[in-house]
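A.B. asks: I'll drop the sequence and a predicted model, then ask my questions.
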Amino acid sequence: MKKIDYKKKLKHLYNASAKKVEVVEVPKMNFLMVDGEGDPNTSQSFSDAITALYPLAYTLKFMVKKGEMGIDYGVLPLEALWWADDMSAFSTGNKDAWKWTVIIMQPEFITGDMVKEATEEVRKKKNPISLPLVRFETFSEGKAAQTMHIGPFSEEGPTIEKVHNFITESGFKLSGKHHEIYLSDIRKAAPEKWKTIIRQPLK
């Protein structure tokens with residue numbers, strides 16, 4: 001059986017230095033996505049979105065492993081895109097005004113038909129409330145600056161500022177949505193050890 005470790009294969013995208021900000025070129029990739037808005041700490045819809053994404057991602061993984069392809073791969077980490085209609089909501093901390101898309105990257109051989117089949121399987125078994133909101137879509141991020149934040153989400157501010165300062169000091173402008181990749185299982189790891197890639201597209 002063929003095994004693919006996408007975290008290693010795409011190491012420049014799913015690992016980052018905590019000491020410095022680096023520029024990466026992010027190619028077009030396919031994702032399972034759910035949109036929503038509101039404070040992620042209190043929003044039921046944020047929790048519901050994650051509860052829909054994971055079973056679908058794991059169902060696809062096992063379909064590929066047991067099917068004709070016979071490929072075993074690890075499910076990629078949860079990611080999220082963040083923005084607000086009024087971007088001052090980020091600096092003022094008004095999280096109720098935040099908008100988000102939670103996403104999980106899918107290997108290049110996953111097709112829309114496979115996602116439909118997996119969705120039906122998840123619907124029969126668990127039927128999470130946000131399952132109908134999941135879409136399968138290509139996302140092209142392009143050039144971006146990123147670094148690793150180690151610690152709780154509530155302390156990300158200075159790390160985000162460091163990335164933004166790097167972009168402007170390098171002669172670029174911020175472009176697109178604030179992007180976070182969650183590498184730690186927050187149910188098991190201590191908050192001071194949480195690893196989150198902070199990424200900001202630039203132009």
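C.D. replies: Arrived safely.
A.B. asks: point to the residue nearest the middle of the protein.
C.D. replies: Glu79 (1.2 Å; C-alpha atoms, centre = their mean).
A.B. asks: please name the nearest non-neighbouring residue to Thr51.
C.D. replies: Nearest non-adjacent residue to Thr51, counting by C-beta to C-beta, 6 or more residues apart in numbering: Pro128, 4.7 Å away. For glycine as for every other residue, the C-beta is placed from the backbone atoms N, C-alpha and C.
A.B. asks: surely that neighbour touches Thr119?
C.D. replies: No. Pro128 is not in contact with Thr119 according to C-beta atoms under 8 Å; the separation is 10.5 Å.
A.B. asks: look at the residue lying farthest from the centre of the chain and report its pLDDT.
C.D. replies: Residue farthest from the centre of the chain, counting by C-alpha atoms, centre = their mean, is Glu68 at 28.3 Å. We have a pLDDT of 91 for Glu68.
A.B. asks: can you check Thr59 too?
C.D. replies: 98.
A.B. asks: show me the longest helix that occurs in the protein.
C.D. replies: Using DSSP state H to define each element, the chain has its longest helix at helix 44-66.
A.B. asks: contact partners of it?
C.D. replies: Applying C-beta atoms under 8 Å, 6 or more residues apart in numbering, the external contacts of helix 44-66 come out as 1, 32, 34, 36-40, 71-76, 78, 100, 102-104, 106-107, 109-110, 114-115, 117-119, 121-122, 125-126, 128-131, 133-134.
A.B. asks: just those residues: which are in strands?
C.D. replies: Within these, residues falling in strands by DSSP state E are Leu32, Val34, Gly36, Glu37, Ile71, Asp72, Tyr73, Trp100, Val102, Ile103, Ile104, Gln106.
A.B. asks: residues of the longest helix of the chain that come out buried?
C.D. replies: 45-46, 48-50, 52-57, 59-61, 63-64 (16 or more other C-beta atoms under 10 Å).
A.B. asks: count the neighbours of Asp5 for me.
C.D. replies: 12 (other C-beta atoms under 10 Å).
A.B. asks: does it touch Leu76 like I think?
C.D. replies: No. With contact defined as C-beta under 8 Å, Asp5 does not reach Leu76; the gap is 10.4 Å.
A.B. asks: quick one on the thing from earlier: ok, now which ones touch the residue nearest to Thr51?
C.D. replies: Asp48, Thr51, Ala52, Pro55, Val122.
A.B. asks: ok, now Glu141?
C.D. replies: Taking C-beta under 8 Å, 6+ apart, one finds Val26, Gly176, His179, Arg199, Pro201 in contact with Glu141.
A.B. asks: now the helices for this protein?
C.D. replies: So, for the chain - with DSSP H - the helices run 6-9, 11-14, 44-66, 88-92, 112-125, 157-169.
A.B. asks: shaky segments in the chain?
C.D. replies: In the predicted model of the chain, residues 87-93 satisfy pLDDT under 70.
A.B. asks: pull stretch 184-203 out as CSV, backbone CA atoms only.
C.D. replies: What follows is stretch 184-203, C-alpha atoms only, in CSV (Å, rounded to 0.1, in the frame of the first residue of the first chain):
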residue,chain,number,x,y,z
SER,A,184,-1.9,20.9,17.9
ASP,A,185,-4.7,18.9,19.3
ILE,A,186,-6.0,21.5,21.8
ARG,A,187,-7.9,18.8,23.7
LYS,A,188,-4.6,17.1,24.7
ALA,A,189,-1.8,19.7,24.5
ALA,A,190,-1.3,22.4,27.1
PRO,A,191,-2.2,25.9,25.8
GLU,A,192,1.4,27.2,26.2
LYS,A,193,2.5,24.5,23.7
TRP,A,194,-0.1,25.0,21.0
LYS,A,195,1.4,25.4,17.6
THR,A,196,-0.4,27.6,15.0
ILE,A,197,1.0,28.8,11.7
ILE,A,198,0.0,32.4,11.1
ARG,A,199,-0.1,33.2,7.4
GLN,A,200,-1.0,36.4,5.6
PRO,A,201,-1.2,36.6,1.8
LEU,A,202,0.7,39.6,0.2
LYS,A,203,1.0,41.4,-3.1
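A.B. asks: that'll do, ta.
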